[in-house]
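This is the structure alone, sequence omitted:
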């Protein structure tokens, strides 16, 4: 039936000629923007790698000019908020800006992405603990990064109808047409009032200029944790996170020659990617906490407290029912997707025990059971089924998911553990009417005993936010598999841990002692924050720890009187007494034994003389690396050279070569960020 | 004419030659600040951008708006052009992504309008859209999924090869081939339905 195709071709070819007036206007706009971009260049500079900050000042001047020459401002909140931004930024124009800030390129950029992040997150994972009110950034006095103050001010001063989603609310309501609310948006349309448009454009320009090539990836993240004052907020509560997907995404990005977008970085997932040599749990305890205290590598005036949990290894585990739910849509055809998935699963088979059972369900156009439940020992049948998988079809994930759970239900038997493993390149939203329903569905199935883990493949389309949401609701992990060696790590070496959890809903709570710790900051775990009262509420879901797996969290703490303290003492509040216990703080852990509904408590004090270990040094190096990628403002002059030196010195035996690879990535990031 | 600010820009020939200069050279010169090169480049490609915008949106006014958005953002975007793809390929990619962003934003706005109970706005939009949707092309394109629509616009409208279209869309040639066969299938189904 080529007739239809020809008719379509003819109709498409007959595109109307552009309106000459519109063309002229668009071309003029393009030239104006070109000039604006160029005008901000320092004429003495010969190269393009000028700090964006310089351009920003020019743009601020232009904004002011434009503002005064337009008598009638559209009285939108966006205009008001942007004006406010200007007022806050202006004083800095007197200082030699590009030199005064540690990372000139990033300062402006951060103004734009802050909101899209929250928006993406609030859209995709509204029901999760991750979407809990993220702590508001503290407006620090010394050295405020422009972008941060700007964005914070916009978020706080603009009328916010829904307090739990400040960014999204402002973005939707106040600047519906302007670009900065989109992750990779075109500059605002000319329909907006001109001044507002130009200002938004000025911010958007810089964001776009430094953005990597367009892709449709969406990341789950939240703004970095701020510094908390112990007297005001002595307790810090969060859920564990044993996902490592962020590290693989970062590695793939760096290996492709691009710095990862800051929102793709989740420091805790980078730190937890590496195996550490930690003390093993005693007797029947599911895990063993250990604490290390050392001087912070990037700030000699603070201390770094490393809290590490080592999960118990199991030699004997109950038999598993594994249902692979495989995305065979057309987009999975690339060599690093379906073919890599097949190889990965083939790698995994030898690690399974003979009483484990495997089933395969695909989704693509029509969902189907490709392999009926088969004992893992019947390798030929399974491998043949894998070989026959072919990409082609559109994605309708929800249907396949229902079928996968049906198959899992059929396989259910007393004493067996069921898990659905979803393998996709992220095109999961197509065909699903309501992502919330999907998450509710997965959470229900979790409560009935079938868990869900997600394996992500390929780049460019990966919906990290959805992956995280599904895995977190399914009591599983989200892993991103970019190479065969990553498959070896996730599905080979750590298979038992990934599929068999020894403790559910593991929550960590640290109460800091105001006499010894004036300020603290949790590095990473932004998407895992819990409310203080949630710690004792067994109804609140949290992360699981798999057999033999480890979780590490780092706090940077400043002692009272330390020059590193960022918040001034309050005038009217009584000063904390500096006597009493010498403990830095008190660590509380809550967890549930698998299948139990009531939690157990482990408590241990954090003492200042906790040993400093090379393992903690390496964790610190990785945390520093992550913060460099996030353009963190807490690192001062500490940079890649120091991170590389620290990681190299604390590399240890590194049996799998993971740490050596990390050092290579740091070098790569260093040269890419120059 | 602007004085080139950069050594690299200086090697671009003066005006007369410029009409013959290839896109990549012009783009490189524009990236390093040469105004005239950028003007030639965007003048040369405006119609192409507009054409693709029309094919992607199937809507004249929308195509015009989208083209303007793209033009105004192009200077900044060009800074991210690293010359690893042909300029036209890169440009097509920018257009397709801009169209996606627009669709997404419209979906969000539509939702927001409903959320605020402002159904009248949504209803008026609907009426306006329907009035323009009477022609066969738009109806046909609307019945294809966004992915298929993009593919058709590039392969049939812009006459790219399946490999080129794949490069623009970031999918493999095989996927484009599959999508085109899917389009044929859908067209056949639609024709059968219409014949009833």
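Alright, I've got the coordinates. Just so it is clear, the model here is predicted, and its values are computed rather than measured.

Ends of stretch A:254-274, what's the gap?
For stretch A:254-274, the first and last residues are 18 Å from each other (CA to CA, to the nearest Å).

close enough to count as contact, residue A:549 and residue A:495?
No. Applying CB atoms under 8 Å, one finds residue A:549 not in contact with residue A:495, separated by 11.1 Å. Quick note: C-beta positions are derived from backbone N, CA and C, even for glycine.

Please parse chain B into its domains.
B:11-108, B:135-196 (automatic domain parsing).

now the ones you listed in CSV, with distance to residue A:615 and mean neighbour count?
Converted to CSV, those look like this (distance: least, CB to CB, whole Å; neighbours: other CB atoms under 10 Å in any protein chain shown):
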stretch, distance to residue A:615, mean neighbour count
domain B:11-108, 39, 20
domain B:135-196, 40, 18
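
Might you list the low-confidence residue ranges for chain A?
Counting by pLDDT under 70, the low-confidence segments of chain A come to A:1-3, A:39-221, A:330-331, A:364-367, A:391-398, A:426-435, A:459-465, A:498, A:578-579.

Tell me which other helices or strands the lengthiest helix in it touches.
Assignment by DSSP state H gives helix A:20-39 as the longest helix of chain A. Secondary-structure packing of helix A:20-39 (3 or more CB pairs under 8 Å, 6 or more residues apart in numbering or on different chains; DSSP states H and E): helix A:52-69, helix A:194-210, helix B:35-57, helix B:60-78.

Not including adjacent chain positions, what is the nearest residue to residue A:599?
Spatial nearest neighbour of residue A:599, chain neighbours left out: residue A:590 (4.5 Å); criterion: CB to CB, 6 or more residues apart in numbering or on different chains.

Quick check, residue B:152 in contact with residue A:8.
Yes. Contact criterion CB under 8 Å: residue B:152 and residue A:8 qualify, at 6.7 Å.

so what sits against both of those two?
residue B:183 (CB atoms under 8 Å, 6 or more residues apart in numbering or on different chains).

picking up where we left off before, more neighbours: which of residue A:549 and residue A:495?
residue A:549 (27 against 18; other CB atoms under 10 Å in any protein chain shown).

what's near enough to touch the more buried one?
Per CB under 8 Å, 6+ apart, neighbours of residue A:549: A:242, A:311, A:494, A:497, A:498.

switch to 6 Å and redo it
A:242, A:311, A:497 (CB atoms under 6 Å, 6 or more residues apart in numbering or on different chains).

Next, count neighbours for the first one.
Right, residue A:242. 23.

cool, and the last one?
Each residue near residue A:497 was counted by other CB under 10 Å, and the total is 21.

a strand runs through it, doesn't it?
No. Counting by DSSP: H, G, I helix; E, B strand; the rest coil, residue A:497 falls outside a strand, being helix.

What residues does chain B have near chain A?
B:33, B:38, B:42, B:46, B:50-51, B:54-55, B:60, B:64-65, B:67-77, B:79, B:97-98, B:101, B:112, B:137, B:156-157, B:170-172, B:174-175, B:178, B:184, B:187-188, B:191 (CB under 6 Å from any CB of the partner chain).

all helices for the stretch 201-350 of chain A, in order.
Taking DSSP state H, counting those that start in this stretch as the criterion, the stretch 201-350 of chain A carries its helices at A:245-255, A:267-271, A:338-348.

One more: chain B?
Using DSSP H, helices in chain B cover B:7-10, B:15-18, B:23-31, B:35-57, B:60-78, B:87-115, B:119-132, B:136-142, B:146-152, B:162-169, B:173-195.

Report the inter-axis angle for the last one versus helix B:162-169.
This points to helix B:173-195. Going by axes from the mean of the first three to the mean of the last three CA atoms, to 10 degrees, helix B:173-195 is angled at 100 degrees with respect to helix B:162-169.

The fifth one too?
Relative orientation of helix B:60-78 with respect to helix B:162-169: 80 degrees, computed using the same axes, to 10 degrees.

For helix B:60-78, name the packing helices and strands.
helix A:20-39, helix A:194-210, helix B:35-57, helix B:87-115 (3 or more CB pairs under 6 Å, 6 or more residues apart in numbering or on different chains; DSSP states H and E).

again, only using 7 Å
Judged by 3 or more CB pairs under 7 Å, 6 or more residues apart in numbering or on different chains; DSSP states H and E, the packing partners of helix B:60-78 are helix A:20-39, helix A:194-210, helix B:23-31, helix B:35-57, helix B:87-115.

Tell me which helix or strand the closest residue to residue A:248 other than its chain neighbours sits in.
Ranked by CB to CB, 6+ apart and with sequence neighbours excluded, the top spatial neighbour of residue A:248 is residue A:480, at 3.9 Å. Applying DSSP states H and E as the criterion places residue A:480 in strand A:478-481.

Tell me the secondary structure at the residue nearest to residue A:599.
Applying three-state DSSP: residue A:590 is strand.

Any chance you could list residues touching both of residue A:549 and residue A:495?
Common neighbours of residue A:549 and residue A:495 (criterion: CB atoms under 7 Å, 6 or more residues apart in numbering or on different chains): none identified.

helix or strand right after the helix or strand where residue A:401 lies?
According to DSSP H and E, residue A:401 maps onto helix A:397-411. Using DSSP H and E, the helix or strand that follows helix A:397-411 in sequence is strand A:417-424.

contacts for that next one?
Contacts for strand A:417-424 (CB under 7 Å, 6+ apart): A:318, A:320-327, A:341, A:404-405, A:408, A:411-412, A:449-457, A:470, A:476, A:499-500.

Find the residue at the geometric middle of chain B.
Of all residues in chain B, the one closest to the mean position by CA atoms, centre = their mean is residue B:95, 2.9 Å from it.

can you pull the contacts of it?
B:49, B:52, B:53, B:70.

Skipping its backbone neighbours, what lies nearest the second one in space?
Okay, so that is residue B:52. Closest to residue B:52 by CB to CB, 6+ apart is residue B:95, at 5.0 Å.

swap in the first one?
Closest residue in space to residue B:49, ignoring its immediate chain neighbours: residue B:67 at 5.3 Å, by CB to CB, 6+ apart.
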